[in-house]
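Trainee: What would the 3D arrangement of this be:
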Amino acid sequence: MRKHLVATLFLLASFPALATMEDALSDFKKGNYGAAVKELNSLGDAGDMSAQIMLGALYNKGGAVARDDKMAAAWFEKAANQGNAEAQYQLGNLYENSQLTKDYKTAADWYHKAAQQGSAKAQARLGVFYSGGMGVNKNANEALLWSGKAALQGNMEAEFLLGLMYMLGEVIPQNETLARGWLTKAAAQSHPNSLLLLAGMYKEGDGGTKDPILAYALNKLAITYQTDMTTDAIKMRKTLADTLSLGHIDTSNKLAAELQKPNNFSPALNAYINKAHQPPFRFFERPAK
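Mentor: Have a look, this model is predicted:
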């Protein structure tokens with residue numbers, strides 16, 4: 001019996017120790033990328049989803065390994081086929097935006113799998129796909145459904161899309177009040193284009209009260225956060241500046257500073273609106289008895 005035990009221990013000692021995720025992460029922290037990737041490959045081949053997703057991300061990003069989106073897709077697919085929602089979303093993103101040939105239909109299929117599991121990122125992308133007919137038939141109801149699901153989870157891209165759709169009235173019936181509401185939610189998360197569109201709504205009074213001071217502040221933040229529509233933002237700023245006094249611009253700049261403070265957008269916005277747009281206090285005669 002003792003001889004058998006000794007033989008077994010000798011045999012086990014002759015095999016290399018199995019890699020663990022802790023080993024891989026430790027090697028990454030030390031800069032031993034080659035060893036880390038080798039350990040992750042061992043784990044991924046054994047079916048470890050965390051390792052598969054990490055390898056997919058590494059090959060997609062490049063750096064520790066040479067960027068290779070085909071390899072990234074292969075690793076993500078291993079985890080996606082095990083039902084991992086994050087891997088399914090990442091696969092969709094690869095087929096939409098990567099070195100791979102664009103394949104919106106395949107992207108939509110993977111987004112749909114992840115969205116059904118509650119992935120807000122995938123739901124938001126599905127909303128975009130259905131609103132524009134990318135890889136799927138254009139469908140306003142589906143666009144609204146998936147964007148709504150993501151927006152209710154606080155996804156700012158979905159909130160922006162809902163605001164845009166309600167503002168334009170092309171995919172769904174126009175509703176400027178709802179447009180302003182959803183854009184405000186996205187703007188509270190520093191979404192640059194939402195800030196700019198919201199600035200335009202306050203500039204023109206679309207969906208509610210007209211307020212050029214607030215519009216100037218929101219426009220300033222949109223430029224600060226690098227909106228895609230910088231040229232439009234600069235033109236709007238000039239137009240607003242021409243209509244505001246120096247005192248109003250100073251007020252607007254102070255408001256922008258308050259709105260920009262961490263976790264203060266909504267409180268600062270509500271405080272300003274309540275102060276600037278509350279109905280004037282009036283004295284009324286006591287009604288005759």
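Trainee: make it CA atoms for all contacts and neighbour counts henceforth
Mentor: OK.
Trainee: So for residue 66, what's the nearest residue that isn't a sequence neighbour?
Mentor: Spatially, and ignoring its direct neighbours in sequence, residue 66 is nearest to residue 59 (6.6 Å; CA to CA, 6 or more residues apart in numbering).
Trainee: Count the residues that sit near the one you found.
Mentor: For residue 59, the neighbour count with other CA atoms under 10 Å is 22.
Trainee: Next one: it from residue 107, what distance?
Mentor: 18 Å (CA to CA, to the nearest Å).
Trainee: What's the first helix or strand after the helix or strand of the chain with the lowest mean pLDDT?
Mentor: Every helix and strand in the chain was compared by mean pLDDT, DSSP states H and E; the lowest is helix 2-13, with a mean of 43. Counting by DSSP states H and E, the element after helix 2-13 in chain order, helix or strand, is helix 21-30.
Trainee: tell me what the very next helix or strand once past that following helix is packed against?
Mentor: The first helix or strand that comes after helix 21-30 along the chain, using DSSP H and E, is helix 33-45. When contacts are defined as 3 or more CA pairs under 8 Å, 6 or more residues apart in numbering; DSSP states H and E, helix 33-45 sits against helix 21-30, helix 49-61.
Trainee: and of those helices, who's closest to residue 225?
Mentor: For residue 225, the closest of those is helix 49-61, at 23.8 Å, according to CA to CA.
Trainee: Domains of the protein: list them as residue ranges, please.
Mentor: Following automatic domain parsing, one finds the domains of the chain at 28-153, 188-275.
Trainee: which residues does the residue nearest to residue 66 contact?
Mentor: The contact partners of residue 59, taken as CA atoms under 8 Å, 6 or more residues apart in numbering, are 65, 66, 67, 68, 69, 71, 72.
Trainee: Drop anything exposed from those residues.
Mentor: 67, 68, 69, 71, 72 (16 or more other CA atoms under 10 Å).
Trainee: ok, so of these, who is nearest residue 201?
Mentor: In terms of CA to CA, no member of the buried ones among the contacts of residue 59 lies closer to residue 201 than residue 69, at 41.1 Å.
Trainee: Spatially nearest residue to that closest one (excluding sequence neighbours)?
Mentor: The shortest distance from residue 69 to any non-neighbouring residue, by CA to CA, 6+ apart, is to residue 60 (5.2 Å).
Trainee: Residue 122 contacts residue 87, doesn't it?
Mentor: No: if you go by CA atoms under 8 Å, residue 122 and residue 87 don't touch, sitting 10.7 Å apart.
Trainee: Would you mind giving the secondary structure of residue 257?
Mentor: Assigned with DSSP: H, G, I helix; E, B strand; the rest coil, residue 257 falls in the helix class.
Trainee: and what of the one 5 residues further on?
Mentor: When states are read from three-state DSSP, the local structure at residue 262 comes out as coil.
Trainee: Same check on residue 83?
Mentor: Classification of residue 83 using three-state DSSP returns coil.
Trainee: And for it, the neighbour number?
Mentor: Counted with other CA under 10 Å, residues neighbouring residue 83 total 15.
Trainee: quick one: it and residue 100, what's the gap?
Mentor: Going from residue 83 to residue 100 by CA to CA gives 22 Å.
Trainee: now for the one helix or strand residue 126 maps to, which elements pack on it?
Mentor: For residue 126, the host element (DSSP H and E) is helix 120-132. Counting contacts by 3+ CA pairs under 8 Å, 6+ apart, helix 120-132 packs against helix 104-116, helix 140-151, helix 156-168.
Trainee: If we use 10 Å, what do you get?
Mentor: On a contact count with 3 or more CA pairs under 10 Å, 6 or more residues apart in numbering; DSSP states H and E, helix 120-132 meets helix 85-96, helix 104-116, helix 140-151, helix 156-168.
Trainee: how about those helices, which one is nearest residue 273?
Mentor: That would be helix 156-168 among the helices and strands packed on helix 120-132, by CA to CA, at 19.8 Å.
Trainee: looking at the helices and strands packed on helix 33-45, which has the lowest confidence?
Mentor: Across these, helix 21-30 has the smallest mean pLDDT, namely a mean of 85.
Trainee: Just the buried positions in that one, please.
Mentor: For helix 21-30, a neighbour-count test (16+ other CA under 10 Å) marks 24, 25, 27, 28 as buried.
Trainee: Over to stretch 149-158?
Mentor: 149, 150, 151, 153, 155, 156, 157, 158.
Trainee: measure the fourth one to residue 125 for me?
Mentor: Looking back up the chat, that one is residue 153. Distance, residue 153 to residue 125, by CA to CA: 14 Å.
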